[in-house]
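Visitor: no sequence for this one, just the structure:
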């Protein structure tokens, strides 16, 4: 069963919902150039009607602006690549894509630390889009923006003239916000909006903190080395340290379209158990692109295979990782294969290993494999969801809050039973100050995969070598 990137159905909190096809003209403003023939890709599912407002900011409206900003950032990425292909800075033929003089490295000779013109230019477009919509809220501290290519501040507000900023949009052929305003209404909203924790600007404090994390181009190494289908643009929204919404842009998986996956995983109101549950939303939007995409004859395959690669693949545990040689990954992988799966004996599921780049790319694979498996189960009578094996992704220290915030929100919107922790089982931190995932990342979805995830973290928290490598005390780790 082959599930393509563009045809994954939206999911509800309990199971995979049937796709709901919307007419393109109704779904999105025509200025966004959504093709009628891709309207079938646009699907949404709500657990219940309703929206949440924090600090009087609608989360669906905020996410809508993030989706539109993400789309414009993706245009920048496509534009930079097209210009580089046309320039003399391209070497290595079809097998490799190196931009001589256009690539900087944050860490000398480390390809994972590559920084290109696309990273900085995309972030500039995205932050200006959000500033255009939410300048008042940003200035007053109701919204904080943290981008990979800045130092976590929001001093970009009013830092350049409108004329200079629009010249930047023109340079990268991204829709100008003065000619095509940012869309606040891309997502369906209920007339019965539920408001929680709505407070005035003067009363804003850390207890009601909204942070938008931006990774303008996740997979910069993939961009440089021409594995362009693994490149993404990530925007995540966190509320009091928990990811609640996100947009994952895929600028170069379609020749003429930009795909944006999005999700909302709003918290339940534990203090008011009788109140209606808040929305979970998961879906995809595709936009016609302004910038061309030339795919070279080789080097552009993701190398990840299908979400379900044949009948027997359903019975396999997919294990994703990068090609890092860091001890933390080596130790974790050995623990997974030898200690955890080894204890299962003959009942251990076979493994399909995938080596891939891009933190968001691997997390989205975990999500979409789960969706594909759930859809398959939904069509098979007598099959229980507890039989789902699923996927697990392991990453050593090296990622940051902007790499995981958006993809985590999407994953939890699709599968509320999914698990995202560090290597010793603790939740990731999203406080806007401690930005590095210092103890790595483990992501899982699927009944068997999440069980394996927890058992592995339980063992790793008692592994003296790993804890010393990560700089944590064994007693500090608490499994979630």
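Guide: Great, that's in hand. Quick caveat, the model's predicted, so the values are computed rather than measured.
Visitor: In this structure, mark out all the helices, start to finish.
Guide: 24-27, 59-86, 117-139, 162-171, 220-224, 327-334, 341-343, 359-378, 401-414, 447-460, 464-470 (DSSP state H).
Visitor: Looking at those helices, which is nearest to residue 283?
Guide: helix 401-414 (9.0 Å; CB to CB). For glycine as for every other residue, the C-beta is placed from the backbone atoms N, C-alpha and C.
Visitor: low-scoring pLDDT stretches of the stretch 151-300 of the chain, where are they?
Guide: By pLDDT under 70, the low-scoring segments of the stretch 151-300 of the chain are 151-160, 188-207, 268-279, 296-300.
Visitor: Go again with 80.
Guide: Applying pLDDT under 80 to the stretch 151-300 of the chain picks out residues 151-162, 188-207, 267-279, 295-300.
Visitor: What ranges does it have for its strands?
Guide: 210-218, 232-239, 242-250, 257-265, 280-288 (DSSP state E, counting those that start in this stretch).
Visitor: for the last one, packing partners?
Guide: Meaning strand 280-288. Judged by 3 or more CB pairs under 8 Å, 6 or more residues apart in numbering; DSSP states H and E, strand 280-288 is in contact with helix 59-86, strand 257-265, helix 401-414.
Visitor: Looking at the ones you listed, spot the one closest to residue 218.
Guide: For residue 218, the closest of the helices and strands packed on strand 280-288 is helix 401-414, at 6.1 Å, according to CB to CB.
Visitor: Okay, angle between the closest one and strand 257-265 too, please.
Guide: 70 degrees (axes from the mean of the first three to the mean of the last three CA atoms, to 10 degrees).
Visitor: what's the spacing between helix 401-414 and its chain's center?
Guide: Centroid separation for helix 401-414 versus its chain: 5 Å, with CA atoms, centre = their mean, to the nearest Å.
Visitor: likewise stretch 232-246?
Guide: 8 Å.
Visitor: now do stretch 215-230
Guide: 14 Å.
Visitor: thinking again about what came up before, can you list the helices and strands packed on strand 280-288 in TSV and add mean neighbour count?
Guide: Shown next, in TSV, are those (neighbours: other CB atoms under 10 Å):
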stretch	mean neighbour count
helix 59-86	24
strand 257-265	26
helix 401-414	29
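Visitor: related to what we said a few turns ago, out of the helices of the chain, which gets nearest to residue 290?
Guide: Nearest of those (CB to CB): helix 59-86, 5.8 Å.
Visitor: Next, the angle strand 210-218 makes with that closest one.
Guide: For helix 59-86 against strand 210-218, the angle by the same axes, to 10 degrees is 20 degrees.
Visitor: Quick check: the gap between residue 375 and residue 253.
Guide: Distance from residue 375 to residue 253, counting by CB to CB, to the nearest Å: 20 Å.
Visitor: whoops, I mixed them up, residue 133
Guide: 27 Å.
Visitor: Comparing these two, which residue is more hemmed in?
Guide: Applying other CB atoms under 10 Å to residue 133 and residue 253 shows that residue 133 carries more neighbours, namely 22 against 19.
Visitor: That one touches residue 182, doesn't it?
Guide: Yes. Using CB atoms under 8 Å, residue 133 is in contact with residue 182, at 5.1 Å.
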